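Visitor: Predicted coordinates and the sequence they were generated for:
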Amino acid sequence: MITSRRMAAVDVNAESLGVPRKQLMESSGNAVARVCRDLADPGSSVAIVAGRGNNGGDALVAARFLKEYDVTVHLLGRPETISTDIARENWDALVASEADLRTVSDSSTFDLGDPDLVVDAMLGTGVTGALREPEATAAKAFNDSSATVLAVDVPSGVDADTGEAAGVAVDADHVVTFHDDKPGLGSLGCDVTVADIGIPAAAELFTGPGDLLSLRRDPQSHKGDHGDVLVIGGGPYTGAPALAAQAALRAGSDLARVACPGHVAREVQGYSENLIVRGFEGDHLEPDHVPALLDFAADRDVVVFGPGLGDADESLAAVREFLDAYDGTAVVDADALQVVPDVDTEATLICTPHQGELQKMGGETDADWETRADLVQEFAADLGHVLLVKGAYDVVSDGDEVRINRTGNPGMTVGGTGDVLAGATGALASVLPPLDAAAVAAYANGRAGDFAADEFDGGLVATDLLERLPAALRSDDE
Ligand SMILES: NC(=O)C1=CN([C@@H]2O[C@H](COP(=O)(O)OP(=O)(O)OC[C@H]3O[C@@H](n4cnc5c(N)ncnc54)[C@H](O)[C@@H]3O)[C@@H](O)[C@H]2O)[C@H](O)CC1
Ligand SMILES: [K+]
């Protein structure tokens, strides 16, 4: 099963792998034609009803493949209003080929005729709200006709994720959907064919520019909608919590707070006036601090636990106590990771170990990334948490799905890049599901590192990543 949102991401990732959308449309159209041949005998009449988006484009391709049928193509709207270049190119090819074409400018000019088969390609995953005209009139005509109705990707007017319709929708006999089954189709009671349209498995497995699409902001949003992240760390190290908190801001969090020992607090504040810093007594985290930290964490979206914390027994005991009682979302990094296998927590954890830390947690690793991916997936399932295991190929898994990130470069072995990643993961976990947050953070952190390496090669430092995170999180596909 794949949601519309994930499908849109995978589509862009396929494009970045060198498989353009027009090629996918050709495969989709071919698949539509194959199902038409299963549903209607050669020589029968087929009405292809195409909308102005890519769903319509799929069916315009199908028209070229159905030479042995009596095909009429109805375009809902004027050709100038076709909304994508690839759909328009396929329309133009039909015009040049003198296919039997009708354009429907308004609902009064729509005449379905009496076809044996209707191909519903009015709207696919691009639908918003109830069907407008002339689509609504056309949908009623399909539903009233005795023709077999084949829907392209999803019956027009139906939400592919929920199976619900905001108003009138096409009642299809059969759906040919692309790449993978859609969650909303099962409840419709029609036959579903899933057609492979040649999207490489790599477009789902490897993070890519499509993964950034989920970060688009609602223009109506308010302060706090994009995250309030609390970094708990510092002690032996002072730079690490400051880097993590600044990374949270650069990755889009509205607020970033740091809770750390008092002497660290002064330094962290000195690094950046953008941070809200709270010091606690003593020179490292102790169990006595936990009740106040739990209170402080309760109103935050995500806690990032571990940067610069050190591995004093008392600090690790405090991490254990905190996680035992905490039920929010936490990114766990650095020395805090080693307690994760022993805690019984209600919290949603995203653990960000490098391979040494993974082994310290009881996980296994391997030089071959595919084997490592299997091992990480199994270990994530055992732990019941999301793992982001850092390496030349980062492996992200929630125990069910696996994503691999290939951005990044050897210059990133410099100190502090892991703290940046942990902070960015915290910010993204305020706005995305945990697996997506980890995958997008790994992708953007590596991409920021690649931008920095263009300038500084092996001399890049962690603060270079901070500056480049916003650009690394920006989608070029808008
Ligand atoms: N990788 C893939 O999944 C591929 C999918 N393909 C097909 O593309 C469609 C999605 O195409 P898109 O252009 O994004 O959207 P639609 O064609 O569904 O619709 C856009 C079109 O419709 C108008 N519109 C929106 N809502 C309404 C409404 N309620 N009433 C009337 N009109 C509406 C909007 O203004 C646009 O003009 C996917 O389903 C697949 O079929 C690719 O071909 C191959 C790759
Ligand atoms: K459709």
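Guide: Noted; the coordinates are in hand. Ligands and ions are numbered 1, 2, ... in the order given.
Visitor: Can you name the residues of this protein sitting close to ligand 2?
Guide: Residues of the chain lying near ligand 2 by C-beta under 5 Å from the ion: D120, A151, V152, S156. C-beta: built from backbone N, CA, C; applies to glycine.
Visitor: out of those, which are buried?
Guide: By neighbour count, with 16 or more other C-beta atoms under 10 Å, these hold D120, A151, V152, S156 as buried.
Visitor: returning to that earlier point: tell me which two in the residues of the chain next to ligand 2 are the farthest apart.
Guide: V152 and S156 (8.6 Å; C-beta to C-beta).
Visitor: what is in contact with those two at once?
Guide: N55, D120, A121, G124 (C-beta atoms under 8 Å, 6 or more residues apart in numbering).
Visitor: can you put the residues you listed in JSON lines and add secondary structure?
Guide: Below are the shared contacts of V152 and S156 laid out as JSON lines (DSSP: H, G, I helix; E, B strand; the rest coil):
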{"residue": "N55", "secondary structure": "helix"}
{"residue": "D120", "secondary structure": "strand"}
{"residue": "A121", "secondary structure": "strand"}
{"residue": "G124", "secondary structure": "coil"}
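Visitor: how about these, which pair is most distant?
Guide: Across the shared contacts of V152 and S156 (C-beta to C-beta), the longest gap, 9.8 Å, separates D120 and G124.
Visitor: Find residues that contact each of the two.
Guide: Common contacts of D120 and G124, defined by C-beta under 8 Å, 6+ apart, comprise V152, S156.
Visitor: quick one: A462 from ligand 1, how far?
Guide: As judged by C-beta to the nearest ligand atom, to the nearest Å, A462 and ligand 1 stand 37 Å apart.
Visitor: typed the wrong thing, it's D382
Guide: D382 is 34 Å from ligand 1, by C-beta to the nearest ligand atom.
Visitor: Could you pick out which of the residues of the chain next to ligand 2 are located in strands?
Guide: D120, A151, V152 (DSSP state E).
Visitor: between the buried ones among the residues of the chain next to ligand 2, which is closest to E370?
Guide: V152 (35.3 Å).
Visitor: burial count for G356?
Guide: If you count neighbours by other C-beta atoms under 10 Å, G356 ends up with 10.
Visitor: ok, and for the helix or strand hosting it, which residues are buried?
Guide: Using DSSP states H and E, G356 maps to helix 355-360. Buried residues in helix 355-360, counted by 16+ other C-beta under 10 Å: Q355, E357, L358.
Visitor: Would you check which of those are in contact with ligand 1?
Guide: Contacts with ligand 1 within these, counted by C-beta under 6 Å from any ligand atom: none were found.
Visitor: Need the worst-confidence member of the residues you listed.
Guide: Least confident entry in the buried residues of helix 355-360, by pLDDT: Q355, with 95.
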